[in-house]
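> Sequence and computational prediction follow.
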Amino acid sequence: FLNLTVWNPADSPNTDGFDPAETTNYIGCNLVYETLVDMDPATSEPVGILAESWEYQDDTHLYVKLYDDAAFSSGNPVTCEDVIWSWYRTVDQQGPDIQSFLFIDFDNTEIVNDKEMVIAFNYPFSPAVNYMCMPAWYVLDKGAMENASADDFWANPVGSGPYAVVENVSGTGATYELRADY
């Protein structure tokens, strides 16, 4: 599909938005944003979306390497700083999915370089990679969205997903366009 329109029921709460820290617009957000990994429906195993590879170093440290060519709709590359900023933003804003991040030790997570990081955990948590498949774990373009208003999130959310938002009609629906550079 080149263009896709998704209709939101007028009585659905929190479907009018693209701020992952505040919305439950999972259909729209899944088109615009991506997570590090997703769950393969055939095997129930995590597969890399933004993460090329990951490996547990021990019970409380997960090494992650991002794909070199992962990019946002803004043209900016996806970096580890974007990942950590996006996740911490949900915690900092007390978003509805804050409990999903309780095992992350943000203070001791290490960004090795733009494409490699070691995620620290507060305690051993074996399902960590499975959690990273959930919608709360979307990655945003920090450079484009750090100072964004609710109107900016509404009109021009910047993600690494396959679609960009073309139009939003509050309470009705949204139209998306397939990114040529995806």
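In hand now; what should we look at?

> and the residue positioned nearest the centre of the chain, what does it touch?
Nearest to the centroid of the C-alpha atoms of the chain, with distances taken as CA atoms, centre = their mean, sits residue 138, at 1.1 Å. The contact partners of residue 138, taken as CB atoms under 8 Å, 6 or more residues apart in numbering, are 20, 29, 33, 34, 35, 86, 159. C-beta here means a position set from N, CA and C on the backbone, and glycine is covered the same way.

> ranking the residues you listed by neighbours, who comes first?
Scoring the contacts of residue 138 on neighbours with other CB atoms under 10 Å, the highest-scoring entry is residue 20 at 30 neighbours.

> still on that earlier bit, return the member of the contacts of residue 138 nearest to residue 49.
Taking CB to CB as the measure, residue 49 lies nearest residue 34 of these, at 4.9 Å.

> The lengthiest helix in the chain packs against which elements?
The helix spanning the most residues in the chain, taking DSSP state H as the definition, is helix 80-92. Judged by 3 or more CB pairs under 8 Å, 6 or more residues apart in numbering; DSSP states H and E, helix 80-92 is in contact with strand 61-66, strand 110-113, strand 116-120, helix 142-145.

> Centre of the chain to it, how far?
9 Å (CA atoms, centre = their mean, to the nearest Å).

> Averaged pLDDT, it. What do you get?
In this model, helix 80-92 carries a mean pLDDT of 94.

> and it, which residues are buried?
Buried positions in helix 80-92, judged by neighbour count with 16 or more other CB atoms under 10 Å: 80, 82, 83, 84, 85, 86, 87, 89, 90, 91.

> Give me the nearest residue to the second one, chain neighbours excluded.
Spelled out, it's residue 82. residue 142 (4.8 Å; CB to CB, 6 or more residues apart in numbering).

> Could you verify my assumption that the one you found touches residue 81?
Yes: the criterion here is CB atoms under 8 Å, and residue 142 meets it with residue 81 at 6.2 Å.
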